[in-house]
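Enquirer: sequence unavailable; structure follows:
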C-alpha cells in the first residue's frame with residue numbers, strides 16, 4: 001500500500017497499468033477510482049471485467065475476465081511488446097476521461113438524474 005499522494009509518481013514510471021479486480025459482491029458495487037487517474041495520465045490499462053470497468057475502458061483499454069491471471073499476463077505482455085499501440089490506447093483513455101468523466105460532466109449527469117427522479121415524484125395537477 002502506498003499513500004494516494006504518491007500515486008502519480010508511481011503511475012508516471014509505469015509503462016502499463018494493471019487494475020485486477022475480483023468478481024465478488026463487494027467488487028461489483030465499487031469503482032476503482034485509480035482508473036481515472038491512469039486515464040488522465042494517458043497510461044495504457046489492463047483491467048478486469050468487473051463493475052463498470054468494461055464500459056469506462058471501452059475502446060481505450062484492455063478488459064479481461066476476472067481471476068484469469070493468464071489473460072491478464074498476456075494482455076500486459078502484448079502492450080509491452082507493442083508500445084505504439086499501447087500509447088494509442090493511453091491517449092484514447094485520456095481523451096475519453098477528459099470528455100466524459102470530469103467533475104463538471106459527472107455532476108451534470110447526476111443533476112439530470114436527480115431532476116428526472118424529482119419530476120417523477122411530482123403529483124399530476
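Expert: Alright, I've got the coordinates. Not measured: the values here are computed from a predicted model.
Enquirer: from the chain's centroid, how far away is the helix or strand where residue 54 lies?
Expert: For residue 54, the element it lies in under DSSP states H and E is helix 53-56. Centroid separation between helix 53-56 and its chain, computed with C-alpha atoms, centre = their mean, to the nearest Å, is 6 Å.
Enquirer: now do the buried residues in it.
Expert: Of the residues in helix 53-56, those with enough neighbours to count as buried (16 or more other C-beta atoms under 10 Å) are 53, 56. No exception for glycine: its C-beta is placed from N, CA and C like everyone else's.
Enquirer: now the element after it, going C-ward?
Expert: Counting by DSSP H and E, the element after helix 53-56 in chain order, helix or strand, is strand 62-64.
Enquirer: show the pLDDT at residue 88.
Expert: Per-residue confidence (pLDDT) for residue 88: 97.
Enquirer: what do you get for residue 5?
Expert: 82.
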